[in-house]
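A.B. asks: With the input below, show me the fold.
(chains A and B)
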Amino acid sequence: MSDLRHRLYHNGGLLAAIGLFGLMFTIYVANHPVGLTAAVAATAANKAVLLALVAMAQTLPVLTRGLDLSVGMVFILANCMASAIVVGTIGEGLLGIAAVLGAGALAGFLNGAIVVWGRLQPIITTLATGAIYYGIALYIRPGPGGDVQSDIADLATGQLFGVVPTALIILLGVVVLVWLPYRNSVLGRAAYAVGSNEQAAYMSGVPVHRAKLLAYTLAGFLAAFGGLMLTFNTYSGEASAPIAGNYTLNSIAAVVIGGTSLFGGWGSAIGSIFGAFVLRTIEDLLFVFNLDPLWQPLFQGVVLLAAVSLGALRVLRIRNRLELFV
Amino acid sequence: MSDVAPILEMKHISKHYGGIAALSDVDFVAFPGEIHAVLGENGAGKSTLIKIAAGVTDPSAGELYVAGKRVNFRNPTEAMAAGVVCVFQELSLLPDMTVADNLSIVAPPLRGGLIDSRAQRERARELLAMIGCEDIHPLELVRNLPLSRRQMVEIAKALAKRPKLLILDEATSALTAADVERVYAIIRRLRSEGAGILYVSHRMHEIEALADCATVFRNGRRIETFRKGERSVSAIVQMMIGRELIHHYPEKPTPDSGARVALSVKNLSWGQQLRDISFDVRKGEIVGLGGLDGQGQRSLLFALFGVLKGISGTVEVLGKPLRLSGPRSAMRAALPMALIPEDRKTEGLLLSMNIRDNISLASLSRFQKGLRFDRGREHFAVERMIESLSIKISDLAAAVSTLSGGNQQKVVLAKWLMTDPGIILLNDPTRGIDVGTKQEVYRLLRDLADSGVAVLFYSTDYAELIGCCDRVLVMYGGSIARELSGTDLNERTMIETALNVDDKGQAA
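C.D. replies: Numbering: from 1, shown residues only, chains lettered A, B, ... in the order given. Take a look at the predicted model:
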């Protein structure tokens, strides 16, 4: 019983994000003119999975008490690369996918290397490298265009057995094959340790440097995965600065709504997925209630504030004012 | 012991920080199966010695041998691999992780390459049972544990690494009496299993109880190594401070029952942790708070300083009711209050800021004239404080983090004394500071009292309470069990009251 209490406590932020998403999605489906059909679900899923992947990417550096402002740019870079090299036969397409993911991981590794060995602050490092990655994307794709291997693209954005959106299955696969093993690996644990108290982690013999390197590398990999999925949705590449910037900022919002602490050491990428879903559902809600899409940023802001305030509710039951500053 | 190979040997070890020598040409030997006490004032070089042995810093010169092999540790991990494990005074736990995570942070049990959380939890249970802390749940977050429990977890974490040489740096300073006994038992068992133990402590009776031999350091040099019983306590103290101590505590004046009541507390309660507490402190009085650790003493000080919410009862300062709404209102009471916190690193100091800014932080408004901030007056006032507390610094603009523990504590004191408090609350202010600085703190408290300040002084060190205080309120289970003064104020009565037993040793 006491075990359960502790587990609930550890996952409070995640459960709150799931609850919020469940509520909003129910309202959305209940008011949708055709209800929850496979097509509605697939459209919603395809859009939501993009931000979910970028938000997962953002979670890793944040857990180490860092921040990655380049995730949106890596996302766009992967999109432009995929529109150029994920073409031809299915075999060639798969090779292209591997190359895109590898490039994303490399971009992330560079971020990590500069943070670890250059000892620069993550926020400024990734601001700079993000501009570089965006520059490369622009070089690859000066104007919108390109193509993508359509068999793979259709498979990735369609439905499994005609019901379940494949994009959700892919996201689940990423969680099971990438996030969960990472969370339970020594280096994943080390990332939490570094974010919790870097000095204490070092004194305890935790591999601080390798933990950070891996966190940033995986972030690049996941952001590139998102860019790949974007290409499968749009069948083209576009080096769009507004999209890159939006995804970066929304990824941070999703991480926070998902219950991950910006001070590091606390949270989970699964929470960020639901954080991303919440942000996406706002857009859909505006649609079903026939509100002008111009309202979207305002509502996103309100939800973000509300989600952060949930975390601040503890102020009401705090009995020692010093705990407010912990 | 020359027939046994030493577990740790240092030859001509020196360490310089900038131009200052922290250790100069030190030879030091520790043997397996022995508890070796390391003694000295803060700044004597003990911490540096430990850091070198544990791989935290490199020596500037000299050779280090572990179990007969020449070593050159580049980081703590390499030292741990060689069997040298250190329990640092500054806790090395990760606050946002569970106890089980913390205990297996470096080498968790793996299954299929991933962490086996069930096995890890089991291991945590075993380790916690080993140190007699079955009450700590393995899934509890370290940040939710009180300091004394954290320190026990820290010790369990060290034991998990099966040390050949265990270094304890002030490891018992925050522990309850019962836990201290448990730690002693663990240390003795490790000794019987052939591990070497380096034990750093400022508490003389701990060293008498535990150590097989001791080494005294002073000013970065090894003064003498001797076996248990070869030197008297006063001779050891003499070695540590290099001067004869005649009075450990300043003399107490005869109580003045006519002095005004500065602080009056009536029926103060806070949940289950403080129950119906009433007492007075007069001007010029030093009143102690005693008892076992964690009986509500800290909460009481926090309550008076306005940090806790949901307090019932009344607090009056010079007969005027005090609103308990936060430190700022406590500082503006009829007699301004000051709280010297226990954890100087988190509650007392802004470590990255410089000494001057730290000292003047609580009294900044005094130097503000209209829109102008009088830097000159601030500087002058800070200099005076530093002089009167004889804080050893190189430069006012240096970061506080560069100072030794004793001097950091003095900076905290200076900061609050600068606000000209009429009531001073102290939360275990001498924890982990050296004998010389302690004496200076005692002297300072008495001087303040003589000048009319009311002092409420919580300490975990009974001898200190008896030596310093006019009266001591012994707390038990959140209420005041008994007030001791005059001839009742002795170690025996104090311990009996603290344990809530009567003088026949029966639990009351």
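
A.B. asks: export stretch B:287-296 as CSV, just CAs?
C.D. replies: Written as CSV, here are the backbone C-alpha positions of stretch B:287-296 (Å, rounded to 0.1, in the frame of the first residue of the first chain):
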residue,chain,number,x,y,z
VAL,B,287,18.1,30.3,27.3
GLY,B,288,19.0,26.9,25.8
LEU,B,289,16.8,24.5,23.9
GLY,B,290,17.9,20.9,24.6
GLY,B,291,16.7,17.4,24.2
LEU,B,292,17.2,14.8,21.6
ASP,B,293,17.4,15.9,18.0
GLY,B,294,14.1,16.4,16.3
GLN,B,295,11.9,17.0,19.3
GLY,B,296,10.5,20.2,17.8
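
A.B. asks: Does it reach chain A?
C.D. replies: No: Stretch B:287-296 lies out of reach of chain A by C-beta under 8 Å from any C-beta of the partner chain, never closer than 12.9 Å. (Glycine included, C-beta is placed from N, CA and C.)

A.B. asks: mind checking how far that stretch is from the chain centre?
C.D. replies: Centroid separation between stretch B:287-296 and its chain, computed with C-alpha atoms, centre = their mean, to the nearest Å, is 15 Å.

A.B. asks: next one: stretch A:78-97
C.D. replies: 22 Å.

A.B. asks: contacts for it?
C.D. replies: A:99-101, A:103-104, A:137-138, A:140-141, A:145-149, A:151-152, A:223-228, A:230-231, A:234, A:236-239 (C-beta atoms under 8 Å, 6 or more residues apart in numbering or on different chains).

A.B. asks: From these, keep the buried residues only.
C.D. replies: Buried residues within the contacts of stretch A:78-97, counting neighbours by 16 or more other C-beta atoms under 10 Å in any protein chain shown: A:100-101, A:103-104, A:137-138, A:140-141, A:146-149, A:152, A:223-228, A:230-231, A:234, A:236-239.

A.B. asks: near chain B, which of the contacts of stretch A:78-97 show up?
C.D. replies: Okay, of those, nothing touches chain B (C-beta under 8 Å from any C-beta).

A.B. asks: Those residues in strands, which ones?
C.D. replies: Residues of the contacts of stretch A:78-97 located in strands (DSSP state E): none.

A.B. asks: How about the secondary structure of B:L23?
C.D. replies: At B:L23 the chain is in strand, as set by DSSP: H, G, I helix; E, B strand; the rest coil.

A.B. asks: So in terms of bridging, what pairs with it?
C.D. replies: B:K15 (DSSP bridges).

A.B. asks: neighbours around B:S329, how many?
C.D. replies: 14 (other C-beta atoms under 10 Å in any protein chain shown).

A.B. asks: Over to B:L94?
C.D. replies: 26.

A.B. asks: Before we move on, what's the pLDDT of it?
C.D. replies: pLDDT, B:L94: 89.

A.B. asks: wait, is it part of a strand?
C.D. replies: No: applying three-state DSSP, one finds B:L94 to be coil, outside a strand.

A.B. asks: Just give the nearest non-adjacent residue to it, would you?
C.D. replies: A:S196 (4.1 Å; C-beta to C-beta, 6 or more residues apart in numbering or on different chains).
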